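> I would like to see how this sequence folds:
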Amino acid sequence: MSDIPLQQQFAPNGEPMVVRDLASCPPPESWHDVMEYDAKAWPRKVERHYELIPTICFNCEAACGLLAYIDKETGRVKKFEGNPYHPGSRGRNCAKGPATINQIHDHDRILYPMKRAGKRGEGKWERTTWDEALNTFATKIRAAIVEDRRDEVMYHVGRPGHDGYMERVLGAWGVDGHNSHTNVCSSSGRFGYHIWCGMDRPSPDHANARFILLISAHLETGHYFNPQAQRIMEGKMKGAKLAVMDPRLSNTASMADYWMPTWPGSEAAVLLAMARIILQEKLYNAEYMRRWVNWQEYMATEYPDEAQTFERFIEMLLNLYAEYTPEFAAGESGVDAAMIVDIARQIGHAGTAFAAHTWRAATAGNLGGWQVSRALWFLSVLTGSVGTPGGTAPYTWNKFVPAPFLKPSPTDVWNELLFPPEYPLANYEMSILLPYFLKEGRGKVAAYFTRVYNPVWTNPDGTAWIEALTNEQQIELHAALTPTWNETAWYADYVLPMGLASERHDLMSQETHAARWIGFRQPVHRVYKKRHGEPIEFTYQANPGEVWEEDEFWIELSWRIDPDGSLGIRKYFESPYRPGEKLTIEEYYRWIFENSVPGLPEAAAKEGLTPLVYMQKYGAFTIPEDKAPVFQLN
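Okay, the predicted model is just below:
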């Protein structure tokens, strides 16, 4: 390396080199005009000027932050990079985030609302208008509501991409019509957590853990994998040990201190053997268990003739799990017994700084998989690491969902097509059975929406779905809300193009780490055009073609279902600022940011901004800890 100071060096073209501080991203105060040289013009120095507008990625559920670089010459998005002011991803995105640029410029995407021009599945389509689609569905849904056929309206979603919005819409309509893909995804894993604490997802504090146990591939493909992967590696850099239970040598397992290639379906046996070791060697947190475990009720119910003491409770637990020895677990799983003992002891010694997570993987791929998450949470209870720094919290302690204005009361309608009476313990909608119920004549669907969901391809027995979707007596009207063609959209009556990550409004929060935050997905072309004086009423006026967004679509549809307010629906879609007038999407989020996000109005005021403009500027906000404490003494 040359010893000549940089100030005295020259570029190959003879120009003096300029010293600048390195940064991963331009500061927000310059986001209105960021200059970069056009790499394709090299060796000429051609300046390109961009306006940076934040949004949220929509290529998985993690809701990482993105910055859209809008070329000020063309008004089009040039690229996406990470948003360093997003508290979950912190500007560090996986490849799927920047790949959003390929999606919005995809030549095969659907740009205009389409209506079938032949029989369902024939592939004959014609362009239609948003007004025609809205009026058609409004007429159908209004008739179902007026005639008390509310269970004939169904919204079937794969990846929602927002928190609470659609539940509010369906609640305003008074229908029990929310159907999901969860029963072929994560319902089993959720159930194991739910029966422990009433909340169905974990939120580990990986960054502050002393020992981390993962039953999946969280560093590459797991739930909220990018933000959690960052914290897992931070924990390791601080000295935490990582154990991974996965039949395959995943990238995550390759980074672990311990890899346990358990035979599929044997995971619960290993976890219970670890629990037995923690109990046997008195590594459990007695103070926590005395306070938070219902051991008195358990002893009184199961062992009324035994001494009703905590010490006897521990002895009875050891008797209960006596068969789960390390040797038994090794025989069941193929994992060495010595490794099971070693990891159990390290979990015990980690105490309240033991972080653990499972989601799909073993819980979804095996009969009785819910026992895996149930047994894993047992280890958290034994160590007292529930809701502690470095431990694992119930997800609601970290996920923050702000309330909208005028929230509807729970509906009094029960849709047995979703929750059939013969499955009283179903943890989520039994959506895989819908085509069979329709075929049996147990009901019909008057208006059916599929959104980011492709049951023909995703669900078992796709031919049964094709049969149902082509039967106009079973499903009278079907709209596929999707940015791209898919197998299910092919059998719809309407294919309605919905926006991608940079083309829609959504509010998201995920339990990525030990904090509470919200992220604001926004249609960047709309924001850009309005900033520069172009009047925009609806998002499809700013997006490519006539691509719309669900938020505005549902407002317009609801208004047309109940134009005079006689059904009690319209009031939920009237402006809180202009009584009697139709709600705009900016007003919906403006009210939330002004009234439902602790600390946001104060943070915005410090910069001389309204809460809405603050969120449009930064795209995310961390709830101050004094407003919503993350950890509480257990």
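> quick one: Leu438 and Thr470, what's the gap?
According to CB to CB, to the nearest Å, Leu438 and Thr470 sit 12 Å apart. In this view, the C-beta of every residue, glycine as well, is placed from N, C-alpha and C.
> Neighbour count: those two, which is higher?
Counted by other CB atoms under 10 Å, Leu438 and Thr470 do not tie: Leu438 has more neighbours, with 21 against 15.
> my guess is that one contacts Gln473, does it?
No. In this structure, Leu438 is not within contact of Gln473 by CB atoms under 8 Å, at 9.0 Å.
> overlap in contacts of the two?
Counting by CB atoms under 8 Å, 6 or more residues apart in numbering, the residues touching both Leu438 and Gln473 are Lys444.
> you'd agree Tyr50 is in a strand?
Yes. Under DSSP: H, G, I helix; E, B strand; the rest coil, Tyr50 falls within a strand.
> can you pull the contacts of it?
33-36, 69-72, 78.
> How about Gly348?
Gly348 neighbours (CB under 8 Å, 6+ apart): 277-278, 281, 283-284, 382-383.
> and those, which are buried?
277-278, 283-284, 382-383 (16 or more other CB atoms under 10 Å).
> Among the contacts of Gly348, which are located in helices?
With helices taken from DSSP state H, the overlap with those comprises 277-278, 382-383.
> returning to what we had before: tell me the one of the contacts of Tyr50 nearest Gly265?
Nearest to Gly265 out of the contacts of Tyr50 is Tyr69 (CB to CB; 47.6 Å).
> What about the closest one, how many residues nearby?
Residues near Tyr69, counting by other CB under 10 Å, number 23.
> any chance you could read off phi and psi for it?
phi -90, psi 110 (degrees, to the nearest 10).
> quick one: Phe449 is in a helix?
No. Counting by three-state DSSP, Phe449 falls outside a helix, being strand.
> close enough to count as contact, it and Ile141?
No. With contacts counted by CB under 8 Å, Phe449 stays clear of Ile141, the gap being 10.0 Å.
> mind showing which ranges of the stretch 401-550 of the chain have poor pLDDT?
Of all residues in the stretch 401-550 of the chain, none has pLDDT under 70.
> Show the model's pLDDT score for Asn634.
Asn634 carries a pLDDT value of 54.
> what does Cys197 give?
Confidence score, pLDDT, at Cys197: 89.
> Next, give phi and psi for the residue nearest to His162 when sequence neighbours are not counted.
In space, and not counting its chain neighbours, His162 is closest to Asp506: 4.0 Å by CB to CB, 6 or more residues apart in numbering. Dihedral angles phi and psi of Asp506 (degrees, to the nearest 10) take the values phi -160, psi 150.
> And Asp506, how close does it get to Gly65?
Applying CB to CB to Asp506 and Gly65 gives a distance of 13 Å.
> Neighbour count: the two, which is higher?
Remark: of Asp506 and Gly65, Gly65 carries more neighbours, 30 against 23, as counted by other CB under 10 Å.
> Can you tell me the SS state at the closest residue to the more buried one other than its chain neighbours?
Leaving aside its sequence neighbours, Gly65 sits nearest to His86 (CB to CB, 6+ apart; 2.6 Å). Judged by three-state DSSP, the three-state class of His86 is coil.
> who touches stretch 75-85?
Here stretch 75-85 makes contact (CB under 8 Å, 6+ apart) with 24-25, 28, 48, 50, 54, 64-71, 89-93, 97-98, 100-101, 104, 501-502, 524-525, 528-529, 618-620.
> coming back round to it: who does the residue nearest to His162 form a beta bridge with?
Arg521 (DSSP bridges).
> Against His107, how distant is it?
In terms of CB to CB, Asp506 sits 25 Å off from His107.
> Same check on Ile518?
34 Å.
> These two: who's more crowded?
Ile518 (27 against 5).
> any chance you could map the strands in the stretch 251-400 of the chain?
258-260, 354-358, 392-394 (DSSP state E, counting those that start in this stretch).
> Remind me what the helix or strand bottoming out on mean pLDDT in the chain packs against, helices and strands.
The element with the least model confidence among the helices and strands of the chain, by mean pLDDT, DSSP states H and E, is helix 361-364, at a mean of 86. Applying 3 or more CB pairs under 8 Å, 6 or more residues apart in numbering; DSSP states H and E, one finds that helix 361-364 contacts helix 187-197, strand 211-215, helix 370-383.
> most tightly surrounded among the ones you listed?
Highest mean neighbour count of those: strand 211-215, a mean of 28 (counted as mean count of other CB atoms under 10 Å).
> For that one, what is the distance to the chain centroid?
For strand 211-215, the gap between its own C-alpha mean and the chain's C-alpha mean amounts to 21 Å (CA atoms, centre = their mean, to the nearest Å).
> Show residues contacting it.
204, 206, 222, 232, 235-236, 240-246, 252, 256, 267, 343, 346-347, 349-350, 353-358, 361-363, 372, 376, 379.
> Would you show me how to pick out the buried ones of the residues you listed in PyMOL?
Burial among the contacts of strand 211-215 is assessed by 16+ other CB under 10 Å; the matching PyMOL selection reads:
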select buried, resi 204+206+222+232+235+236+240+241+242+243+244+245+246+252+256+267+343+346+347+350+353+354+355+356+357+358+361+362+363+372+376+379
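> Surely the residue nearest to Gly65 touches Gly519?
Yes. Assessed by CB under 8 Å, His86 is found in contact with Gly519 at 6.2 Å.
> Kindly point out which residues are neighbours of both of those two.
Shared contacts of His86 and Gly519, counting by CB under 8 Å, 6+ apart, come down to 56, 65, 619-620.
> Enumerate every residue touching the residue nearest to His162.
56, 58, 161-162, 165, 520-521, 551.
> Tell me, how many residues neighbour the residue nearest to Asn183 when sequence neighbours are not counted?
Counting by CB to CB, 6+ apart, Tyr428 is the residue found nearest to Asn183 once chain neighbours are left out, at 5.0 Å. Tyr428 has 20 neighbours, counted by other CB under 10 Å.
> how about the helices of the stretch 1-150 of the chain, start to end?
100-104, 130-146 (DSSP state H, counting those that start in this stretch).
> As PDB, could you dump the C-alpha coordinates of the shortest one?
Presented in PDB, the C-alpha positions along helix 100-104 are these (Å, rounded to 0.1, in the frame of the first residue of the first chain):
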ATOM      1  CA  THR A 100     -38.000  -6.600  -5.900                       C
ATOM      2  CA  ILE A 101     -36.700  -4.600  -8.800                       C
ATOM      3  CA  ASN A 102     -37.100  -7.700 -11.000                       C
ATOM      4  CA  GLN A 103     -40.600  -8.200  -9.900                       C
ATOM      5  CA  ILE A 104     -41.900  -4.600 -10.600                       C
END
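> Mind giving me the packing neighbours of that helix?
By 3+ CB pairs under 8 Å, 6+ apart, helix 100-104 packs against strand 77-82.
> rewinding a little: so of the contacts of Tyr50, which ones are in strands?
34-36, 69-71, 78 (DSSP state E).
> Give me the buried entries from these.
Buried by 16+ other CB under 10 Å: 34, 69-70, 78, out of the ones in strands among the contacts of Tyr50.
> Just the closest of the residues you listed to Phe538, please.
Ile70 (19.5 Å).
> Could you verify my assumption that the closest one touches Pro54?
No. Between Ile70 and Pro54 there is no contact under CB under 8 Å: 11.6 Å.
> returning to what we had before: any of the contacts of stretch 75-85 buried? List them.
25, 28, 48, 50, 54, 64-70, 89-93, 97-98, 100-101, 104, 501-502, 524-525, 528-529, 618-620.
> Next one, pLDDT for the residue nearest to Ala300 when sequence neighbours are not counted please.
Distance criterion CB to CB, 6+ apart; nearest residue to Ala300, sequence neighbours excluded, is Gln308 at 6.6 Å. Here the pLDDT value assigned to Gln308 is 97.
> still on that earlier bit, can I get the contacts of Tyr50 in a markdown table including pLDDT and distance to Ser180?
Putting the contacts of Tyr50 into a markdown table (pLDDT from 0 to 100; distance: CB to CB, whole Å) gives the following:
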| residue | pLDDT | distance to Ser180 |
| --- | --- | --- |
| Asp33 | 96 | 43 |
| Val34 | 95 | 40 |
| Met35 | 95 | 46 |
| Glu36 | 94 | 42 |
| Tyr69 | 98 | 35 |
| Ile70 | 97 | 34 |
| Asp71 | 97 | 39 |
| Lys72 | 96 | 41 |
| Lys78 | 96 | 36 |
